[in-house]
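Colleague: I need the structure of the sequence given here:
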Amino acid sequence: SSSDLLALASVQGVVAIYPVYIRWGPKCDPSPAPDPSNLPTDYTPSHIMSGIDKLQAQGYTGKGVKIAVIDSGVDYNLPAFGGFGPSKKIYTGYDFVGDAFTGTNTPQPDSDPFDNCYGHGTGVASIIAGNPDTTYNFTGVAPEAKIGAYRVFSCSGASTDEIVVQAMLKAYQDGNDILNLSLTDRSGWSESVLSVVADRIARKGKIVTAAAGNLQAYGTWFAAAPGTGTNVIDVASVDPPKFTLQTIDVIGTNYPNIPYLKTTPFNITDQRPIWVPTDVFACSAITSGLPSHGLAQYVVVVSRGNCAFSTKIANLKAVGATTMLVYNTAPGYELVDLTGINGALISQTDGQYLVSQFKANNFNLLLSFPLGQPATVDNLYTPGLISSFSSWGPTFEMGFKPNVAAAGAYILTPWPAALGSWAINTGTSFAAPLVAGVGALYLQAKGKGPISDLLAGLAFKTQIEQTARNLTTNLDDTGAVVSLALQGAGLMNAFNAVNYKTFITP
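Modeller: Numbering: from 1, shown residues only. Okay, here's the model as predicted:
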């Protein structure tokens, strides 16, 4: 009641009162990992674009650094981690919730942070410090660092502010040098309870990294806690130079599998024929040529261009279509908004082939949507540009957020064995751990003591911002500069952050 709050506020030593909210873990819609034969031998685009590979070539591995992953726990039996215990990579941890926590029932904590039902924390921890794996040419940023795994999300993804705070405090008390929180609370305020605690830990000299959020469409002033903490490194996402895409099997011809760009893979288990409208752009009402038994079981193929995607979708849905492939009008792939229909973008060449087969009355042609047969394609349009989902800052107090950007789209990582062992994920959740891993390389190089009169964690935050590359709206850097409220200081350059001699403060 209001009277109880007033009474509590009057107690000596009470500085602030916060409600305890239920928090939900980041939504995971991972794609199955590809056949390794479809990957190039240098498949570490997120490392290459941020200079991490150069630091690793100098011999930096994160040895001697401890990193807390406050997330959904870890499947520590994977080769990426090699077990759990004081002598292992996952050297300590704690489960604050148990498998069945819903946010309203009683948590069932224990000392085992194992996760085989959610996955998110396994991906995050592997990005930071996963062991090298030749299957996918994968290695974490700091493969000799130690991980403390603090499980705050149950199998359903439920948690609370209180639990996350407990995990942050335990991670600090356990002596971790770095804390990564790939989770968000859309508060917008630097005085959110998660932000306050994270900021206090950062002011003690620890590196604290957090995800900026994946809600760019909501507009400005949408920074999320705990990244809104003043000294927390809030990480935005940029697109990588390559995409690993799921593919469509073209049955009835010798045509190769067709890659498609979609944030989550198609969940279609049957084989389906294609249909193409007379107006291949689908910009006008469809009144002729429809199959007698409707379009629900067809994949409709249309061309990009001549009208908005929403118009195409409305015209197709008006005649019963449920699944759409839009083919590009230029080479390559880029994310497009197909909200309202089960759709994806395919290449210009592949789309024109399907249209030609339809016009040639090839009724034997069917499409199937297998998982686990992806291909890697070049990202021609957005490599190194801010991802279309990465959230805007600043904080409601006009605080500088996000702070820096790293690759967060179509990231290949280990995943719990029960959920497939490998997966491809997208989101700022997978950009933040890149920065956390670079923090480990930085501490290995510079030491954990004060640097240029700043505590180590604050020195790293300063240097990672000062050496970042400013981003523009196009690939040749001739476009407008992207707002600092979207890119922060720019794309992280790990090599320069460690090797530059210049250090400017304050």
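Colleague: And the helices in this structure, which stretches?
Modeller: 2-9, 45-48, 52-57, 120-129, 161-173, 193-203, 309-317, 348-359, 432-446, 456-466, 484-487, 494-499 (DSSP state H).
Colleague: What lies in contact with stretch 361-368?
Modeller: The contact list for stretch 361-368 (Cβ atoms under 8 Å, 6 or more residues apart in numbering) reads 248-253, 268, 270-274, 299, 354, 357-358. No exception for glycine: its C-beta is placed from N, CA and C like everyone else's.
Colleague: Could I have the buried ones of these as PyMOL selection syntax?
Modeller: The following PyMOL line selects those of the contacts of stretch 361-368 that are buried, judged by 16 or more other Cβ atoms under 10 Å:
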select buried, resi 248+250+268+272+273+274+299+354+357+358
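Colleague: Average pLDDT for stretch 195-207, rounded please.
Modeller: The predicted model assigns stretch 195-207 a mean pLDDT of 97.
Colleague: er, stretch 68-79 actually
Modeller: Mean pLDDT, computed over stretch 68-79, is 97.
Colleague: With just CA atoms, put that stretch into CSV.
Modeller: Below are the C-alpha coordinates for stretch 68-79, written out as CSV (Å, rounded to 0.1, in the frame of the first residue of the first chain):
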residue,chain,number,x,y,z
ALA,A,68,31.0,-13.8,-15.6
VAL,A,69,28.2,-14.7,-18.0
ILE,A,70,24.9,-13.8,-16.4
ASP,A,71,22.4,-15.5,-18.6
SER,A,72,20.6,-18.9,-19.0
GLY,A,73,23.4,-21.1,-17.8
VAL,A,74,25.8,-23.1,-20.0
ASP,A,75,26.0,-26.6,-21.5
TYR,A,76,29.5,-27.1,-20.2
ASN,A,77,29.8,-30.6,-21.5
LEU,A,78,30.3,-29.3,-25.1
PRO,A,79,33.8,-29.3,-26.5
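Colleague: residues of that stretch that come out buried?
Modeller: For stretch 68-79, using 16+ other Cβ under 10 Å, the buried residues are 68-76, 78.
Colleague: Stretch 100-112 now?
Modeller: 101, 103, 107.
Colleague: a markdown table for the residues you listed, including pLDDT and distance to Ser156?
Modeller: A markdown table is the format used below for those (pLDDT from 0 to 100; distance: Cβ to Cβ, whole Å):
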| residue | pLDDT | distance to Ser156 |
| --- | --- | --- |
| Phe101 | 96 | 7 |
| Gly103 | 92 | 8 |
| Pro107 | 96 | 12 |
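Colleague: Format the residues you listed as TSV; extra columns: distance to Leu325.
Modeller: Formatted as TSV, these follow (distance: Cβ to Cβ, whole Å):
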residue	distance to Leu325
Phe101	40
Gly103	39
Pro107	45
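Colleague: just these now: which is nearest Gly175?
Modeller: The closest of these to Gly175 turns out to be Pro107 (Cβ to Cβ; 24.3 Å).
Colleague: Confirm for me that the closest one is in contact with Tyr94.
Modeller: No: here Pro107 does not reach Tyr94: they are 11.5 Å apart, not a contact under Cβ atoms under 8 Å.
Colleague: OK, contacts around Ala285?
Modeller: 315, 318.
Colleague: Over to it: give its phi and psi.
Modeller: The phi/psi pair for Ala285 (degrees, to the nearest 10) reads phi -60, psi 140.
Colleague: For Gly205, see how far away it is.
Modeller: 65 Å (Cβ to Cβ, to the nearest Å).
Colleague: What of Cys283?
Modeller: Separation of Cys283 from Gly205 (Cβ to Cβ): 59 Å.
Colleague: Name the residue in these two with the higher neighbour count.
Modeller: The neighbour comparison of Cys283 against Gly205 (other Cβ atoms under 10 Å) goes to Gly205, with 19 against 16.
Colleague: Nearest residue to that one in space, please, no chain neighbours.
Modeller: Leaving aside its chain neighbours, Gly205 sits nearest to Leu455 (3.2 Å; criterion: Cβ to Cβ, 6 or more residues apart in numbering).
Colleague: just Pro241 next, same as before
Modeller: Nearest-residue entry for Pro241: Pro383, 3.9 Å, with adjacent residues in sequence omitted and distances by Cβ to Cβ, 6+ apart.
Colleague: where does the one you found land on pLDDT?
Modeller: pLDDT recorded at Pro383 is 90.
Colleague: hmm, back to that, spit out the contact partners of the residue nearest to Gly205.
Modeller: 203-205.
Colleague: same thing with Arg23?
Modeller: 103, 158-161, 163-164, 183, 185.
Colleague: of the residues you listed, buried ones?
Modeller: The buried subset of the contacts of Arg23 (16+ other Cβ under 10 Å) comprises 103, 158-161, 163-164, 183, 185.
Colleague: what's the closest of those to Asn499?
Modeller: For these, the nearest to Asn499 is Leu183 (31.7 Å; Cβ to Cβ).
Colleague: Isn't the closest one up against Ile70?
Modeller: Yes: using Cβ under 8 Å, Leu183 is in contact with Ile70, at 7.4 Å.
Colleague: Touching both of these two, which residues are there?
Modeller: Residues touching both Leu183 and Ile70 by Cβ under 8 Å, 6+ apart: 152, 164.
Colleague: so can I have TSV of the contacts of Arg23 showing distance to Asn131?
Modeller: Below are the contacts of Arg23 laid out as TSV (distance: Cβ to Cβ, whole Å):
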residue	distance to Asn131
Gly103	34
Ala158	30
Ser159	28
Thr160	33
Asp161	34
Ile163	29
Val164	28
Leu183	25
Asp185	32
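Colleague: still on that earlier bit, what about the residue nearest to Pro241, neighbour count?
Modeller: Neighbour tally, Pro383, other Cβ under 10 Å: 18.
Colleague: Please list all residues in contact with it.
Modeller: 49, 239-242, 475.
Colleague: Could you tell me how far stretch 366-376 lies from the centre of the chain?
Modeller: Mean C-alpha position of stretch 366-376 versus that of the full chain (Cα atoms, centre = their mean, to the nearest Å) differs by 22 Å.
Colleague: And it, end to end?
Modeller: 23 Å (Cα to Cα, to the nearest Å).
Colleague: same check, this time on stretch 331-343
Modeller: 19 Å.
Colleague: Please spell out which residues along that stretch are buried.
Modeller: Neighbour-count burial for stretch 331-343 [16+ other Cβ under 10 Å]: 332-336, 338, 341, 343.
Colleague: Over to stretch 486-506?
Modeller: Of the residues in stretch 486-506, 486-498 count as buried by neighbour count, 16+ other Cβ under 10 Å.
Colleague: Could you do stretch 345-358 as well?
Modeller: Burial within stretch 345-358, assessed by neighbour count using 16+ other Cβ under 10 Å, is assigned to 345-348, 350-351, 353-355, 357-358.
Colleague: tell me which of the residues you listed is nearest to Gln12?
Modeller: Looking across those and measuring by Cβ to Cβ, the closest to Gln12 is Leu345, at 61.4 Å.
Colleague: confidence score at the residue nearest to the closest one when sequence neighbours are not counted?
Modeller: Closest residue to Leu345 apart from its sequence neighbours, by Cβ to Cβ, 6+ apart: Leu261 at 4.6 Å. With respect to pLDDT, Leu261 has a value of 88.
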